[in-house]
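Q: With the input below, show me the fold.
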Amino acid sequence: MQAKNYLAVVTLILVAACASINISNQADKLRTELNDYGAALRWGRYNQAYAYHFDRDGNQPKVDFNALEKFSVTSYKPVDPILNKDATEATVPVEIDYYDEQYGTLKKFKYIQKWWYNPEIKRWLTASEFPVFE
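A: Predicted structure coming up:
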């Protein structure tokens with residue numbers, strides 16, 4: 001009888017450890033995706049950043065890529081992302097600094113991105129609108 005109880009406890013510990021590892025992996029993946037997304041914005045690879053913008057229904061926001069040509073992102077900074085307990089959704093406040101080439105001014109704006117993990121493609125995506133530079 002004790003062997004069965006011992007086996008049950010060990011199994012429970014292993015399942016909990018696997019769940020913890022999975023959540024940790026999800027958080028690491030989010031951090032990596034945020035870095036890649038920010039790099040795409042900073043290097044003006046707006047199409048690559050746009051590839052992250054899908055809601056759960058597979059829709060993408062409309063973006064005028066020609067209007068983006070006059071802006072250069074100088075900084076993309078996620079500030080204290082908040083993940084749900086399963087690490088499948090995240091609320092990410094971000095600060096974006098950018099240069100308006102037409103007026104020669106540096107600007108900053110803050111907004112909140114909603115990210116979600118797509119298990120089919122094993123990738124984080126954002127259901128938020130594409131950043132609007134004015």
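Q: Okay, buried residues for stretch 37-47 please.
A: The neighbour-count check on stretch 37-47 (16 or more other C-beta atoms under 10 Å) flags 37-38, 40-42, 46 as buried. Glycine gets a C-beta too; all of them are placed from N, C-alpha and C.
Q: Pull up the distance across that stretch, start to finish.
A: With C-alpha to C-alpha, to the nearest Å as the measure, stretch 37-47 spans 10 Å from end to end.
Q: Out of the buried residues of stretch 37-47, the closest to residue 87 would be?
A: Distances from residue 87 to the buried residues of stretch 37-47, taken as C-beta to C-beta, are shortest for residue 37 (17.5 Å).
Q: I'd say that closest one and residue 50 touch.
A: No - at 10.0 Å, residue 37 does not count as touching residue 50 under the criterion of C-beta atoms under 8 Å.
Q: picking that back up, okay, the buried residues of stretch 37-47 in JSON lines with pLDDT and secondary structure next?
A: Putting the buried residues of stretch 37-47 into JSON lines (pLDDT from 0 to 100; DSSP: H, G, I helix; E, B strand; the rest coil) gives the following:
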{"residue": "37", "pLDDT": "98", "secondary structure": "helix"}
{"residue": "38", "pLDDT": "98", "secondary structure": "helix"}
{"residue": "40", "pLDDT": "98", "secondary structure": "helix"}
{"residue": "41", "pLDDT": "98", "secondary structure": "helix"}
{"residue": "42", "pLDDT": "97", "secondary structure": "helix"}
{"residue": "46", "pLDDT": "97", "secondary structure": "helix"}
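Q: Surely residue 60 is in a helix?
A: No - checked against DSSP: H, G, I helix; E, B strand; the rest coil, residue 60 lies outside a helix; its state is coil.
Q: Okay, helices next: where are they in this structure?
A: Counting by DSSP state H, the segments of the chain that form helices are 2-42, 46-50, 65-68.
Q: Please identify the buried residues of stretch 75-95?
A: 76, 78, 81, 83, 87, 89-90, 92, 94.
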